[in-house]
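Undergrad: just need the structure, nothing else, for what follows:
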Amino acid sequence: MAIQWFPGHMHLTRQAIGERIKNIDVVIEMLDARLPGSSANPMLAELIGDKPGLKILSKQDLADPVQTEAWLAHYNALPGMSALGLDTSTVSPSKALIAACKLLAPKRGGMVKPMRVLICGIPNVGKSTLINTLKGKRAAKTGDEAGVTKLEQRIALANDFYVFDTPGVLWPRIIVEQSGFNLSVSGAIGVNAFDEDVVALELLHYMIAHYPKALSERYKIEDVASHTDETMLEAVARYRGAVQSGGRLNTNKAAHIVIHDFRSGAFGRITIETPAQFAEWLVKGQMADAERTLRKAAIEKVVKSSYKAKAKRK
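TA: All right, here's what the predicted structure looks like:
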């Protein structure tokens, strides 16, 4: 199942970011620390060009700390890139963001050359929460639904430090299938764009293999390893009393519970992809996408040939 979600306003946001970047000193991309690879926008890399960039792993208080360190090491090892982990709900770590920007653009600062920073990221990744923390008050609207920020906002954090907050934006087509599931469970994709049952099953499949203790403690289920994702979802339904008339299990309600528990942090600190796993998924996605492009080109060639043949007969 391929999950896609690219509302019309995101196309406009993409255009606006392309224009704004021309006058920006540092571009910050906020990532969800629970799914850093899937929440990184490949479209943004094209727009940034050679601008200094900083990856911020947001919501790290919900992520597996061991995996957060692995992801930070992964990004910091890449040329021309810096990465920082932040818990956007606390003030002190957020101040590190300002210091990191000044290191990336040391020639900017002061009233003559104020620092201009653009914050980008997928929907519901915590951009507005971070800005509110930096500002010290509710400077930007926040929420737990994808697409809360609708318009670009300029916020002065100091007399010579400006932050531009943009609406959350995905990319026109998600080529990594697992990323579609992970983005959906995180809340980055609109609820009408995916099947909660399927997404919950994918999450349970991963957690059975990597975080069985979290499932056992949350739903009081023994011998988690003996379960499949389907039987685990049924066990959740029984534990939470999701039963319909006639004793039938309401797995749809159970799926909703599982997704909510992930988003709220009820499972504890978990991360649903590692750098190595995402690299493997990306290679497969790129290969599938290349094959799709070739098939599309072949079909277009046949269609054009058909049109030419009809034109000659006329």
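Undergrad: for the biggest helix by length in the chain, packing partners?
TA: Among the segments of the chain that qualify as a helix by DSSP state H, the longest is helix 275-313. Applying 3 or more Cβ pairs under 8 Å, 6 or more residues apart in numbering; DSSP states H and E, one finds that helix 275-313 makes contact with helix 65-76, helix 177-186. For every residue, glycine as well, the C-beta is placed using N, CA and C.
Undergrad: what's the angle between it and helix 65-76?
TA: Relative orientation of helix 275-313 and helix 65-76, computed by axes from the mean of the first three to the mean of the last three Cα atoms, to 10 degrees: 60 degrees.
Undergrad: how about helix 275-313: buried residues?
TA: 275, 278, 281-282, 285 (16 or more other Cβ atoms under 10 Å).
Undergrad: what's the nearest residue to Ala225 if we skip its chain neighbours?
TA: Distances taken as Cβ to Cβ, 6 or more residues apart in numbering put Pro212 closest to Ala225, at 6.0 Å, once the chain neighbours are dropped.
Undergrad: hang on, that neighbour packs against Asp223?
TA: No: assessed by Cβ atoms under 8 Å, Pro212 is found out of contact with Asp223, at 9.0 Å.
Undergrad: neighbour count: the two, which is higher?
TA: Higher neighbour count among Pro212 and Asp223: Pro212, with 16 against 8, using other Cβ atoms under 10 Å.
Undergrad: please report phi then psi for Phe164.
TA: With angles defined as degrees, to the nearest 10, Phe164 sits at phi -110, psi 120.
Undergrad: also Met111?
TA: Torsion angles, degrees, to the nearest 10, at Met111: phi -70, psi -30.
Undergrad: kindly report the same for Gly241.
TA: According to degrees, to the nearest 10, Gly241 has phi 70, psi 30.
Undergrad: which one is Gly187 nearest to, not counting chain neighbours?
TA: Asn124 is the one closest to Gly187 (Cβ to Cβ, 6+ apart), at 4.4 Å.
Undergrad: now that neighbour: how far from Val198?
TA: Shown here: Asn124 relative to Val198, a distance of 20 Å by Cβ to Cβ, to the nearest Å.
Undergrad: and if you look at Asp261?
TA: Remark: distance between Asp261 and Val198 (Cβ to Cβ) = 17 Å.
Undergrad: compare these two (neighbour count), which wins?
TA: Neighbour count, other Cβ under 10 Å: between Asp261 and Val198, Asp261 has more, with 19 against 16.
Undergrad: just want the angle from the helix or strand containing the more buried one to helix 177-186.
TA: Under the criterion of DSSP states H and E, Asp261 resides in helix 251-264. Helix 251-264 and helix 177-186 are oriented at 80 degrees to each other (the same axes, to 10 degrees).
Undergrad: where do the helices sit along the stretch 51-200 of the chain?
TA: 65-76, 91-104, 127-135, 177-186, 196-210 (DSSP state H, counting those that start in this stretch).
Undergrad: rewinding a little: quick check, pLDDT for the residue nearest to Ala225.
TA: What the model reports as pLDDT for Pro212 is 97.
Undergrad: and for Ala140?
TA: 46.
Undergrad: next one: stretch 28-40 to chain centre, how far?
TA: Stretch 28-40 has its C-alpha centroid displaced from the chain centroid by 5 Å (Cα atoms, centre = their mean, to the nearest Å).
Undergrad: from what I can see Leu201 touches Glu230, true?
TA: Yes: using Cβ under 8 Å, Leu201 is in contact with Glu230, at 6.7 Å.
Undergrad: the two: who's more crowded?
TA: Each of Leu201 and Glu230 has its neighbours counted (other Cβ under 10 Å); Leu201 has more, 20 against 13.
Undergrad: spatially nearest residue to the more buried one (excluding sequence neighbours)?
TA: Using Cβ to Cβ, 6+ apart, the closest residue to Leu201 is Asp229 (4.4 Å).
Undergrad: for the one you found, give its distance to Ala297.
TA: Taking Cβ to Cβ, one finds Asp229 at 37 Å from Ala297.
Undergrad: with Leu62 instead?
TA: Taking Cβ to Cβ, one finds Leu62 at 43 Å from Ala297.
Undergrad: now the spatially most central residue of the chain: which helix or strand?
TA: In the chain, the centroid-proximal residue (Cα atoms, centre = their mean) is Ser39; its distance is 2.6 Å. Per DSSP H and E, Ser39 falls between elements, in no helix or strand.
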